[in-house]
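> Got a predicted model here, sequence first, then my questions.
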Amino acid sequence: MSVEARFADGVFKPLGYLTAVVPGKVYRVFSEEEIRGIGEDLAWLKTAEPSFEFWDNAEDAVYDRL
């Protein structure tokens with residue numbers, strides 16, 4: 001779950017209305033910079049994906065289910 005929040009007085013305060021929030025559960029809030037970083041990481045992983053095509057074979061198929 002990703003939600004925008006403002007940090008004030010030692011507390012992260014959500015900027016929008018949240019539904020199905022469980023009291024006591026820990027939620028992670030990402031900054032815009034972190035979200036951009038995640039997108040960049042995914043792009044690099046997608047770019048590197050063809051480098052691992054040699055593992056797409058019947059012998060190694062058993063490991064696909066791990």
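Everything's here; your move. Numbering: from 1, shown residues only.

> Got the confidence number for the nearest residue to I38 once chain neighbours are set aside?
Nearest residue to I38, sequence neighbours excluded (CB to CB, 6 or more residues apart in numbering): F30, at 7.5 Å. Heads up, the C-betas are built off the backbone N, CA and C, glycines and all. Looking at F30, its pLDDT is 78.

> do the same with the one 3 residues further on
What the model reports as pLDDT for E33 is 84.

> swap in E49?
pLDDT, E49: 90.

> Next: the one 10 residues further on.
Taken from the predicted model, the pLDDT recorded for E59 is 84.

> Grab the most central residue of the chain for me.
The chain has I38 as the residue nearest its centroid, 6.7 Å off, counting by CA atoms, centre = their mean.

> mind checking how far that one is from K46?
In this view, I38 and K46 are 13 Å apart by CB to CB, to the nearest Å.

> got it, and S31?
Distance, S31 to K46, by CB to CB: 23 Å.

> where do the strands sit along this protein?
When assigned using DSSP state E, the strands of the chain occupy the ranges 5-8, 11-14.

> could those strands be laid out in JSON lines, adding mean pLDDT and mean neighbour count?
Converted to JSON lines, those look like this (pLDDT from 0 to 100; neighbours: other CB atoms under 10 Å):
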{"stretch": "strand 5-8", "mean pLDDT": "84", "mean neighbour count": "11"}
{"stretch": "strand 11-14", "mean pLDDT": "82", "mean neighbour count": "11"}
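
> Which one of the ones you listed lies nearest to F52?
Closest approach to F52 among the strands of the chain (CB to CB): strand 5-8, 37.1 Å.

> Not counting its own residues, what contacts the closest one?
Strand 5-8 has contacts (CB atoms under 8 Å, 6 or more residues apart in numbering) with 12-15, 29.

> Using PDB, write out every CA atom in it.
Extracted C-alpha coordinates of strand 5-8, given in PDB (Å, rounded to 0.1, in the frame of the first residue of the first chain):
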ATOM      1  CA  ALA A   5       1.700  11.500   4.100                       C
ATOM      2  CA  ARG A   6       3.100  14.600   5.800                       C
ATOM      3  CA  PHE A   7       5.500  14.200   8.800                       C
ATOM      4  CA  ALA A   8       4.600  16.600  11.600                       C
END
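
> Perfect, I'm done here.
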